[in-house]
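# Just need the structure, nothing else, for what follows:
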Amino acid sequence: MVASSYARVYRTNAILTASPGQLVLLLFDGALSSLAAAREGFARPQSDLRRYEVINRQLNKAQRIITELRQALNFDNGGEFATLMLRLYEYYNRRLFEANVQKRVEPVIEVEQLLGDLRNAWSEMLRRPEGAPLPAAPAPRVPVLQE
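Numbering: from 1, shown residues only. Model prediction:
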């Protein structure tokens, strides 16, 4: 009880003192945590009556976080990059919706991998000194977005 209270205070302070870039990283981490919990829900036995409740709750939580990321996009300053991110976030949410409706783990794994790559790139960007050149990188894995 006391330990969980301290953890809650620590998380609150981390959020209140975080930079905007760090807040985005915290959102990525929250979404990834929910996706991992949903994936674990899929691993529960079919006889577990709470299985679908856990999956649904965790996928909805991940979708809400991704929606927050989407709503935080700045199209005035972000231009083409913001538009690309909007399409990615929409794709992630569509795949998670499909996973929830069809009760299939494969879309969860796909989004978890893609979002994890994005989170790691964001984390790397935050570690770089301002103005430091970015290293040449291989082309990102971007899913084919169907309209």
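
# name the element Ser34 belongs to?
Secondary structure from DSSP states H and E places Ser34 in helix 20-43.

# and that helix, what does it pack onto?
helix 2-16, helix 51-71, helix 106-127 (3 or more C-beta pairs under 8 Å, 6 or more residues apart in numbering; DSSP states H and E). For glycine as for every other residue, the C-beta is placed from the backbone atoms N, C-alpha and C.

# Which stretch among those is buried most, on average?
helix 51-71 (a mean of 18; mean count of other C-beta atoms under 10 Å).

# now the longest helix along the chain and helix 20-43, what's the angle there?
If you go by DSSP state H, the chain has its longest helix at helix 75-102. If you take axes from the mean of the first three to the mean of the last three C-alpha atoms, to 10 degrees, helix 75-102 sits at 10 degrees to helix 20-43.

# so how far is helix 75-102 from its chain's centroid?
Relative to its parent chain, helix 75-102 has a centroid offset of 11 Å by C-alpha atoms, centre = their mean, to the nearest Å.

# Next up, the contacts around Glu106.
Ala99 (C-beta atoms under 8 Å, 6 or more residues apart in numbering).

# what does the one 10 residues further on give?
Under the criterion of C-beta under 8 Å, 6+ apart, the contact partners of Gly116 comprise Leu32.
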